[in-house]
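Chemist: Fold the following for me, if possible:
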Amino acid sequence: MRINLKVVAFILGILLWIYVNLVLSPPVRRTFTGKVEIRNQQPLTRVSLEEEVIEFTLDGGRRDFIRAGPNPARPWVNLLNIRSGRFQVPVVIDTPAGMSLVSVRPRQVVVKIEQLQEKEFDVSTEVLGQTAEGFIAEPPAVKPGRVKVEATPQVIDRIAGCKVSVLLQDVKNSISESSKVTVFATDGEIREPIKVTPERVTVDILVKEGYPTRTVPIASPTFINKPPEGLRLEGFAIDPPTVTISGPARALKQIEDVSALPIDLSTLVASSEVVALLKPPMESIRILGSPTASVRVALGITPVTRPFPGLPLQLRNSPNQHCVVTPSSYTLLLKGLVEDLDRLRPADLKLVLDVREMKPGSYTVPLTCPPTLPESLAALELLPAEVHVQISEAAPTETPASASHPSP
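Modeler: Below you'll find the predicted structure:
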């Protein structure tokens, strides 16, 4: 019985509340706070309010407030046709039906408007870490590859680019993730507000089994032995100048170049193109593509020095002279091209001592270069520089062994 009375009392209370608040709807006054809404903002502008929250008072029936809910009205400012600068703008409140505005505090707010500039930038990728051993990562694919940045002209001028960072530490599977775009400047971090559209981009990286690659230069070749007589090494050129190698990442970091097996210059007779075999610097490193490189070896012609020892001295004397020449031969040191030296004949090196006008006695005679020596050759040294000649009268019946018959 008591429960029934409580239920009846509860229902009567609800009906009474409905009658008082919704049927009679007595007038009430209420004060609200609200965040100022910005309307009609111009494109490429940034708006900031010195006071973002205001207080306003409304009069109305209780029924009207119940229907309007906890936020019956929202304050706003109209920025139509207002450009950059600092302005005082009146606060507008759209009063709901059945209500009236009593007061607004403050009635105006200070608005600061900055003119912005928009510019597009490519998004680069910063890959941090390395894949697990035995796995390689393809170059990252970024979608979209460009973003729009809105900022003041001063900030836009400082921007060096946009990037996203991806961590690949010991991963074995392909990754696809949404990364936030970071704007960086030439002079450090940008602290001013910046709007990036879109704020995040998708980065896809394909990870597969294999080893990373690296392109390094081919080291200058090592030459062994000397080139043939009359030739000298003037230069060389390597084609291609680089080679691509593959192997564990830690080993690749230690390699600066790849060497070729030595080239024997003694086997070349002129400028030639030699195929050099490339040698991997480590057992774990593999050369991709051809294991050889073409080395163009340039040989130039150079003069050589060649001695001609034991050349006989030819004596020209009269029949009544007995002559002894000490020493009886000489050595001539010549300089010239190999082909000119090889063409020399004995007649070109002929050296004649004419003693027919000399009286009996002992003489020291200086030697001079053979007059028949070709102009393309240069005499560097003649040894000995002088010879000793002993002349005596020959007996009437004696025919000197060392004498030669006078030339007619």
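Chemist: Just the strands from the stretch 1-150 of the chain, written as ranges.
Modeler: Remark: strands assigned in the stretch 1-150 of the chain by DSSP state E, counting those that start in this stretch are 27-35, 37-39, 45-49, 53-61, 75-78, 85-90, 92-93, 99-105, 108-115, 117-128, 135-137, 141-143, 146-151.
Chemist: wait, which of the ones you listed is closest to T242?
Modeler: Checking these against T242 by C-beta to C-beta gives strand 135-137 as the closest, at 19.6 Å. All C-beta spots, glycine's among them, are computed from the backbone N, C-alpha and C.
Chemist: Reformat the strands of the stretch 1-150 of the chain into TSV and put mean neighbour count, mean pLDDT and distance to P374 next to each item.
Modeler: Converted to TSV, the strands of the stretch 1-150 of the chain look like this (neighbours: other C-beta atoms under 10 Å; pLDDT from 0 to 100; distance: least, C-beta to C-beta, whole Å):
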stretch	mean neighbour count	mean pLDDT	distance to P374
strand 27-35	13	86	108
strand 37-39	13	91	102
strand 45-49	15	90	92
strand 53-61	18	88	110
strand 75-78	18	92	107
strand 85-90	13	91	97
strand 92-93	16	91	113
strand 99-105	14	88	117
strand 108-115	16	92	89
strand 117-128	14	92	71
strand 135-137	18	84	68
strand 141-143	15	94	74
strand 146-151	18	93	77
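Chemist: which one of these lies closest to S246?
Modeler: It is, among the strands of the stretch 1-150 of the chain and with distance given as C-beta to C-beta, strand 135-137, at 8.9 Å.
Chemist: What is the end-to-end distance of stretch 237-251?
Modeler: This stretch, stretch 237-251, spans 28 Å end to end (C-alpha to C-alpha, to the nearest Å).
Chemist: residues making contact with that stretch?
Modeler: With C-beta atoms under 8 Å, 6 or more residues apart in numbering as the test, stretch 237-251 has contacts from 130, 133, 210-218, 220-221, 252, 255, 258, 278, 280, 282, 284-289, 293-296, 298.
Chemist: hmm, try it at 7 Å
Modeler: Stretch 237-251 is contacted from outside by 130, 133, 211-218, 252, 255, 258, 278, 282, 284-289, 293-296, using C-beta atoms under 7 Å, 6 or more residues apart in numbering.
Chemist: now stretch 185-195
Modeler: Under C-beta under 7 Å, 6+ apart, the answer for stretch 185-195 is R46, V149, E150, A151, T152, V155, R158, I159, A160, V183.
Chemist: Repeat that for stretch 43-55.
Modeler: Residues contacting stretch 43-55 (C-beta under 7 Å, 6+ apart): 31, 33-36, 38, 41, 75, 79, 84, 91, 104-106, 109-118, 150, 193.
Chemist: Name every strand pairing with the helix or strand that contains H322 and say which way it goes.
Modeler: Using DSSP states H and E, H322 sits in strand 321-326. Applying DSSP bridges, strand 321-326 is found paired with strand 386-393 (antiparallel).
Chemist: Pull the distance from the strand it pairs with to the chain's centre.
Modeler: Offset of strand 386-393 from its chain centre (C-alpha atoms, centre = their mean, to the nearest Å): 79 Å.
Chemist: picking that back up, partner strands of the next helix or strand along the chain from the strand holding H322, parallel or antiparallel?
Modeler: Proceeding N to C from strand 321-326, the next assigned helix or strand is strand 329-336, under DSSP H and E. With DSSP bridges as the test, strand 329-336 is paired with strand 304-316 (antiparallel), strand 378-383 (antiparallel).
Chemist: Give me the buried positions along the last one.
Modeler: Within strand 378-383, the residues that count as buried by 16 or more other C-beta atoms under 10 Å are L382.
Chemist: So what touches it?
Modeler: T305, Y330, T331, L332, L333, L334, K335, G336, L367, C369, L373.
Chemist: next one: stretch 259-268
Modeler: The contact list for stretch 259-268 (C-beta under 7 Å, 6+ apart) reads 218-219, 221-228, 233, 274, 276-279, 293, 295, 297, 299.
Chemist: now do stretch 164-179
Modeler: With C-beta under 7 Å, 6+ apart as the test, stretch 164-179 has contacts from 123, 125-132, 135, 137, 140, 142, 181-182, 200-207.
Chemist: mind listing what's buried in it?
Modeler: Within stretch 164-179, judged by 16+ other C-beta under 10 Å, the buried ones are V164, V166, L168, V171, S179.
Chemist: swap in stretch 216-233?
Modeler: I218, P221, F223, P227, G230, L231, L233.
Chemist: need these in JSON lines with secondary structure and pLDDT, can you?
Modeler: Formatted as JSON lines, the buried residues of stretch 216-233 follow (DSSP: H, G, I helix; E, B strand; the rest coil; pLDDT from 0 to 100):
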{"residue": "I218", "secondary structure": "strand", "pLDDT": "93"}
{"residue": "P221", "secondary structure": "coil", "pLDDT": "91"}
{"residue": "F223", "secondary structure": "strand", "pLDDT": "92"}
{"residue": "P227", "secondary structure": "coil", "pLDDT": "91"}
{"residue": "G230", "secondary structure": "coil", "pLDDT": "89"}
{"residue": "L231", "secondary structure": "strand", "pLDDT": "90"}
{"residue": "L233", "secondary structure": "strand", "pLDDT": "92"}
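Chemist: and the two most separated of the residues you listed?
Modeler: I218 and G230, at 29.6 Å, using C-beta to C-beta across the buried residues of stretch 216-233.
Chemist: so what's I82 closest to, chain neighbours aside?
Modeler: The shortest distance from I82 to any non-neighbouring residue, by C-beta to C-beta, 6 or more residues apart in numbering, is to I113 (6.4 Å).
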